[in-house]
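Chemist: Next comes the sequence, and after it the predicted model I'd like to discuss.
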Amino acid sequence: MEVEWKGEKGSVNEVGYNKADPEHVLVKIDPQYFRPTEVELLLGNPAKAKKHIGWEPEVSFDDLVKEMVEADIALVEKGDLTS
């Protein structure tokens, strides 16, 4: 099946159709499911991934925080606060 896109690219008006059957919509954006840009609380629990696929983190939480802070400091020093 080949998808054909119609509408403004990257907008809520962009829709993916089955090219062989243009009436058959395959992908349509529903703004109801947009994630807010500022989220007050994010919680994650890796237990399911550990249990079902044996996943283990390659970076410790402390190292991840350190890496994120260092990246933010580098942006500030560079004067690039848009990333």
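Modeler: Everything's here; your move. Residues are numbered from 1 along each chain as shown.

Chemist: alpha carbons only for contacts and neighbour counts from here, please
Modeler: Fine.

Chemist: For the chain, which segments are assigned as strands?
Modeler: Counting by DSSP state E, the chain has strands at residues 3-6, 15-18, 21-28.

Chemist: Neighbouring strands of the longest one in the sheet, and parallel or not?
Modeler: When you say that, I think you mean strand 21-28. Applying DSSP bridges to the sheet, strand 21-28 is found paired with strand 15-18 (antiparallel).

Chemist: outside of the strand it pairs with, which residues touch it?
Modeler: With CA atoms under 8 Å, 6 or more residues apart in numbering as the test, strand 15-18 has contacts from 1-7, 23-29.

Chemist: Recalculate using a threshold of 7 Å.
Modeler: By CA atoms under 7 Å, 6 or more residues apart in numbering, the residues outside strand 15-18 that reach it are 1-7, 24-28.

Chemist: so which pair among the residues you listed is furthest apart in space?
Modeler: Within the contacts of strand 15-18, 1 and 7 form the most distant pair, 19.6 Å apart (CA to CA).

Chemist: For the nearest residue to residue 5 once chain neighbours are set aside, the count of nearby residues, please.
Modeler: Distances taken as CA to CA, 6 or more residues apart in numbering place residue 16 nearest to residue 5, at 4.5 Å, with adjacent residues excluded. When neighbours are defined as other CA atoms under 10 Å, residue 16 has 18 of them.

Chemist: And the residue nearest to the spatial centre of the chain, how close does it get to residue 58?
Modeler: Of all residues in the chain, the one closest to the mean position by CA atoms, centre = their mean is residue 35, 9.6 Å from it. Residue 35 sits 27 Å away from residue 58, going by CA to CA, to the nearest Å.

Chemist: cool, residue 19 as well?
Modeler: For residue 19, the distance to residue 58 - CA to CA - is 42 Å.

Chemist: neighbour-wise, which of those two wins?
Modeler: residue 19 (15 against 7).

Chemist: was I right about that one contacting residue 5?
Modeler: No: applying CA atoms under 7 Å, one finds residue 19 not in contact with residue 5, separated by 8.7 Å.

Chemist: taking the mean pLDDT, what do you get for the helix ranked longest in the chain?
Modeler: When the chain is parsed with DSSP state H, its longest helix is helix 61-78. Mean pLDDT, helix 61-78: 93.
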